[in-house]
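Colleague: kindly generate the corresponding structure for this input.
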Amino acid sequence: MKLIGILGSTGSIGNQALDIVRLNKNYQIEYLSCFSQVDEIICQTKEFHPKKICIIDRSKESILVDTFKNENIEILSGFEGLIEISKTNVDFMLNAIVGADGMKPSIIALENNIDLALANKESMVMAGWIIKEIQKKNESKIIPVDSEHSAIFQCLTGESKEDIKRIILTGSGGPFRERQIDTFHDIKLSEALNHPNWDMGSKITIDSATMMNKGLEYIEAYWLFGLPQNKIDIIIHPQSIIHSMVEFIDGSIKAQLSKPDMKGPIQYALSYPERISSEIESFNFIENNVLSFESPDLDKFPCIRLAKDALASGGSHQVVLNVANDLTVAKFLNQEISFNDIPVIIEDCLSCHSFIESPTLDEIDEISDWTKEYLNKKVSNV
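Modeller: Residues are numbered from 1 along each chain as shown. The predicted structure follows:
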């Protein structure tokens, strides 16, 4: 029996992970967390009987306490509760929190020798240098859940790092791949939320529309796989069938293919190092007989350039990039700024920030606070 904790259980990744658990009796859910979706986490708790649950929104804690007052379930709340629940001794933590809030739970799990299924790319973007130092000191593993990094992880199994020529991150290009750049100022929120291939949460869907998701994945790949930037490429693949590739020094290329379905990489992470049967539909090559590729358009999607530059300079620029992106996406979702404002505001934050080479966790908090304060003032003056 594998004991599992899921952070962000009411989101897209968390719900799909629970779908997999329903079909496999070898998993036991030890804890669940959510931000504020109290009704959903109550239903999950009644079904999966975790020992602990955490809700970040403290105003909803009393609802959980009243609902489970006669059951032996520990109720936690707030970010302090999230940190505390992350220390729980499990075989495996799935971190499916969206955004910067997922960074510290990842670090805590790894510090406690808990294997981490990582769907929170922000952990590596904001603190990759800290996480790599932790992994040097203990035996904790990271199994990536992002479809691109899961694909690379699978392609690298059994291979030598010295034999890698490059890794190739694929991306769909999002909903605006074919749209003329001179119409980007008219992009509506509903259009940006309409992804052609993937069914994801709103924040990640906007990241796909700006292609910042590919920039963040680029930085994540650097930290996960320990390759220099000149060995990491991005290629647009509109069909989203090839999830990523690895080219080796002998010219061979390995690719991981499947239909665009996140249950595949989630299940692989949960079952690793084994594979288990699934209900995922088999891929039909005859029905999907066209696979195309193109270079990313950095004029249309400057967020990719911003991410590459942030990684090249390193350290605190990665923190500012991540936090500024979280905030600008939230403001776009609230219709406070336009789609075109997102990269402009992020770049302004980066250019005005006082650089720190390898910030500590306390410094990451300070940089995050500075970014929030600076960005909010910037937006209020727009």
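
Colleague: tally of neighbours for Val246?
Modeller: Using other CB atoms under 10 Å as the criterion, Val246 is surrounded by 24 other residues. No exception for glycine: its C-beta is placed from N, CA and C like everyone else's.

Colleague: and the closest residue to Ile342 other than its chain neighbours, what does it touch?
Modeller: Beyond its immediate neighbours in the sequence, the residue positioned closest to Ile342 (CB to CB, 6 or more residues apart in numbering) is Thr328, lying 4.5 Å away. Contacts of Thr328 were listed using CB atoms under 8 Å, 6 or more residues apart in numbering, and they are Ile337, Asp341, Ile342, Ile345, Ile346, Leu375.

Colleague: next one: the fourth one from Trp129, what distance?
Modeller: Read that as Ile345. Distance, Ile345 to Trp129, using CB to CB, to the nearest Å: 26 Å.

Colleague: quick one, which of these two is more surrounded?
Modeller: Set Ile345 next to Trp129 and count neighbours by other CB under 10 Å: Ile345 wins out with 22 against 16.

Colleague: the more buried one contacts Ser380, correct?
Modeller: No. Using CB atoms under 8 Å, Ile345 and Ser380 do not qualify as a contacting pair, with a distance of 11.7 Å.

Colleague: residue most distant from the centroid, this protein?
Modeller: Asn70 (36.0 Å; CA atoms, centre = their mean).

Colleague: identify all contacting residues around the longest helix seen in the chain.
Modeller: Counting by DSSP state H, the longest helix found in the chain is helix 361-380. The contact list for helix 361-380 (CB under 8 Å, 6+ apart) reads 100, 103-104, 107, 126-127, 130, 316, 319-320, 323-324, 327-328, 331, 336-337, 345, 348-349, 352-353, 356, 359.

Colleague: same question, stretch 108-120
Modeller: Applying CB under 8 Å, 6+ apart, the set of residues contacting stretch 108-120 from outside is 8, 13, 83, 86-87, 89-99, 102-103, 106, 124, 131, 134-135, 138-146, 266, 269-270.

Colleague: any idea of the mean pLDDT in it?
Modeller: Per-region confidence: stretch 108-120 scores 95 on mean pLDDT.

Colleague: surely Glu40 and Leu32 touch.
Modeller: No. Under the criterion of CB under 8 Å, Glu40 is not in contact with Leu32, lying 9.9 Å apart.

Colleague: ok, these two, which is more surrounded?
Modeller: Taking other CB under 10 Å, Glu40 and Leu32 do not tie; Leu32 has more neighbours (26 against 16).

Colleague: check what pLDDT the more buried one gets.
Modeller: In the prediction, the pLDDT value recorded for Leu32 is 98.

Colleague: list the contacts of it.
Modeller: With contacts defined as CB under 8 Å, 6+ apart, the neighbours of Leu32 are Gly5, Ile6, Ser9, Gly14, Ile41, Gln44, Thr45, Phe48, Pro50, Lys52, Ile53, Cys54.

Colleague: count the residues that sit near the closest residue to it other than its chain neighbours.
Modeller: Nearest-residue entry for Leu32: Ser9, 4.2 Å, with adjacent residues in sequence omitted and distances by CB to CB, 6+ apart. Residue crowding around Ser9 was assessed by other CB under 10 Å; the count is 28.

Colleague: how far away is Ser9 from Ser62?
Modeller: Taking CB to CB as the measure, Ser9 and Ser62 are separated by 20 Å.

Colleague: the closest residue to Pro228 other than its chain neighbours: helix or strand, and which one exactly?
Modeller: If you skip the residues right next to it in sequence, Pro228 has Tyr222 as its closest partner in space, 7.9 Å away by CB to CB, 6+ apart. Tyr222 is part of helix 212-225 when elements are defined by DSSP states H and E.

Colleague: so what touches whichever helix or strand comes after that helix?
Modeller: Toward the C-terminus, helix 212-225 is succeeded by strand 232-236 as the next helix or strand (DSSP H and E). Applying CB under 8 Å, 6+ apart, the set of residues contacting strand 232-236 from outside is 166-173, 177, 214, 218, 221-222, 293-296, 304.

Colleague: what's the following helix or strand after strand 232-236?
Modeller: Proceeding C-terminally, strand 232-236 gives way to strand 242-248 as the next helix or strand, assigned by DSSP H and E.

Colleague: report the angle between that following strand and strand 232-236.
Modeller: Orientation of strand 242-248 against strand 232-236 (axes from the mean of the first three to the mean of the last three CA atoms, to 10 degrees) gives an angle of 140 degrees.

Colleague: contacts for whichever helix or strand comes after strand 242-248, please.
Modeller: Proceeding N to C from strand 242-248, the next assigned helix or strand is strand 253-257, under DSSP H and E. Among residues not part of strand 253-257, those counted as contacts by CB under 8 Å, 6+ apart are 150-152, 154-155, 168, 241-248, 283.

Colleague: cool, and stretch 182-189?
Modeller: Against stretch 182-189 from outside (CB under 8 Å, 6+ apart): Phe176, Arg179, Ala209, Lys300, Phe332, Leu333, Gln335, Ser338, Phe339, Asn340.
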